[in-house]
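Chemist: Sequence and predicted model, in that order:
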Amino acid sequence: MAGAYTQLYIHIIFSVKGRRALLSSEWRSELFSYVSGIVSAKGHKSIIVNGVADHVHILLGMKPSVALSELVRDIKSNSSKFLNEKKWLRERFEWQSGYGAFTYSHSQLPKVYRYIQDQELHHQKYSFKEEYLGLLEHFDISYDERYV
């Protein structure tokens, strides 16, 4: 077969260092647009980027030409640089090390899209930690609670 044909949908989640609520609603959408641009510039399909004050969700269609860890590293480093250059914060901005990544089928995309779109509503009921642990448990992923 001459080509590689893939369908890789990945939901990525990562948080602000120390899970601090630093992502202001005043400029959050600009940050999310920037993150979407990073994803697209790397050759992947940005489907939705959203989140709340302490973390970000990204749903994307990934091309297998790069490792997921490299993509997440690039998203984090470029978006941190963007935030620090904008000087929206009085301190140096950093993302927490690590991330969660979960795969979905094409048929699940509408549900995942709505879930990411409704983050503000979702987090009126659940904390980031509850959400994240729920996803790890749903996907049967072993974890060390010290690093969650």
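Modeler: Nice, thanks for sending it over.

Chemist: so what does the longest helix along the chain touch, helix or strand wise?
Modeler: Criterion DSSP state H: the longest helix present in the chain is helix 68-86. Judged by 3 or more CB pairs under 8 Å, 6 or more residues apart in numbering; DSSP states H and E, helix 68-86 is in contact with strand 9-15, helix 28-41. All C-beta atoms are positioned from the backbone trio N, CA, C, and that covers glycine.

Chemist: Quick one: residues contacting the closest residue in space to residue 79 that isn't next to it in sequence.
Modeler: Excluding the flanking residues, the one nearest residue 79 by CB to CB, 6 or more residues apart in numbering is residue 35, at 5.3 Å. Residues counted as contacts of residue 35 (CB atoms under 8 Å, 6 or more residues apart in numbering) are 46, 49, 56, 58, 75, 79.

Chemist: Could I get the contacting residues of the fourth one?
Modeler: Residue 58 makes contacts with 11, 12, 13, 35, 39, 46, 48, 49, 75, as judged by CB under 8 Å, 6+ apart.

Chemist: re earlier: only C-alpha atoms, please: export the longest helix of the chain in PDB.
Modeler: C-alpha atoms of helix 68-86 as PDB (Å, rounded to 0.1, in the frame of the first residue of the first chain):
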ATOM      1  CA  LEU A  68       2.100  12.800  20.800                       C
ATOM      2  CA  SER A  69       4.600  13.800  23.500                       C
ATOM      3  CA  GLU A  70       6.400  16.100  20.900                       C
ATOM      4  CA  LEU A  71       3.100  17.700  19.900                       C
ATOM      5  CA  VAL A  72       2.100  18.400  23.600                       C
ATOM      6  CA  ARG A  73       5.600  19.700  24.300                       C
ATOM      7  CA  ASP A  74       5.300  22.100  21.400                       C
ATOM      8  CA  ILE A  75       1.800  23.200  22.400                       C
ATOM      9  CA  LYS A  76       2.800  23.900  25.900                       C
ATOM     10  CA  SER A  77       6.100  25.600  25.100                       C
ATOM     11  CA  ASN A  78       4.700  27.800  22.400                       C
ATOM     12  CA  SER A  79       1.500  28.800  24.300                       C
ATOM     13  CA  SER A  80       3.600  29.500  27.500                       C
ATOM     14  CA  LYS A  81       5.800  31.800  25.400                       C
ATOM     15  CA  PHE A  82       2.700  33.500  23.900                       C
ATOM     16  CA  LEU A  83       1.200  34.100  27.400                       C
ATOM     17  CA  ASN A  84       4.500  35.500  28.800                       C
ATOM     18  CA  GLU A  85       5.000  37.800  25.800                       C
ATOM     19  CA  LYS A  86       1.400  39.100  26.100                       C
END
